[in-house]
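Novice: here are the coordinates; sequence isn't available:
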């Protein structure tokens with residue numbers, strides 16, 4: 001089922017009440033002008049308003065389209081650890097920003113971080129360090145390096161003003177150590 005289901009009209013609701021909820025027969029007149037018809041017409045108006053509201057809430061399923069519940073999503077997400085304030089953005093930027101935080105990282109690969117840098121207007125390079133190997137391997141002993149040495153990335157940023165350190169640290173996996181160097185410092 002794609003998209004949001006259109007709510008029923010007030011006449012469709014009224015016909016549904018007459019055909020589905022009332023017994024058939026002369027004792028239960030269903031014409032709109034009857035007393036019973038007038039009573040159920042009032043009820044159908046309330047049901048119609050409720051269905052309209054539920055249809056609008058269908059768009060609130062994620063922050064990407066949300067307008068009514070966007071501030072609620074932001075309250076659940078809390079303050080951005082990198083200090084970005086979505087209140088300073090226009091609605092479409094705010095929706096995209098909140099949705100990105102809501103769905104989390106799209107993956108932790110070189111390509112993911114390169115796309116992240118591109119969204120900031122920067123080009124980065126990532127180098128994964130190889131641990132030192134020395135001497136003969138001894139079973140159960142780390143001679144020159146530790147297992148954690150396998151999980152170190154050196155990220156080369158154009159300069160220190162890119163603002164990428166925090167987003168990269170926020171999205172890196174917990175077992176990965178990220179070190180930064182700057183191309184303009186070389």
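Specialist: Ah, there it is. From a predicted model like this one, the values you see are computed outputs, not experimental measurements.
Novice: How many neighbouring residues does residue 47 have?
Specialist: Look at residue 47: counted by other C-beta atoms under 10 Å, it has 17 neighbours. Backbone N, C-alpha and C define where each C-beta goes, glycine included.
Novice: Pop the domain breakdown of the chain in here.
Specialist: In terms of domains, the chain is parsed into 10-61, 107-186 (source: automatic domain parsing).
Novice: Relative to residue 92, which of those is closest?
Specialist: Relative to residue 92, the nearest member of the domains of the chain by C-beta to C-beta is domain 10-61, separated by 14.0 Å.
Novice: Quote the end-to-end distance of the closest one.
Specialist: With C-alpha to C-alpha, to the nearest Å as the measure, domain 10-61 spans 25 Å from end to end.
Novice: check contacts around the closest residue to residue 103 other than its chain neighbours.
Specialist: Taking C-beta to C-beta, 6 or more residues apart in numbering as the measure, residue 103 lies nearest to residue 62, with 7.7 Å between them; neighbours along the chain are not counted. For residue 62, the set of contacting residues under the criterion of C-beta atoms under 8 Å, 6 or more residues apart in numbering consists of 99, 102, 103.
Novice: Fine, thanks again, bye for now.
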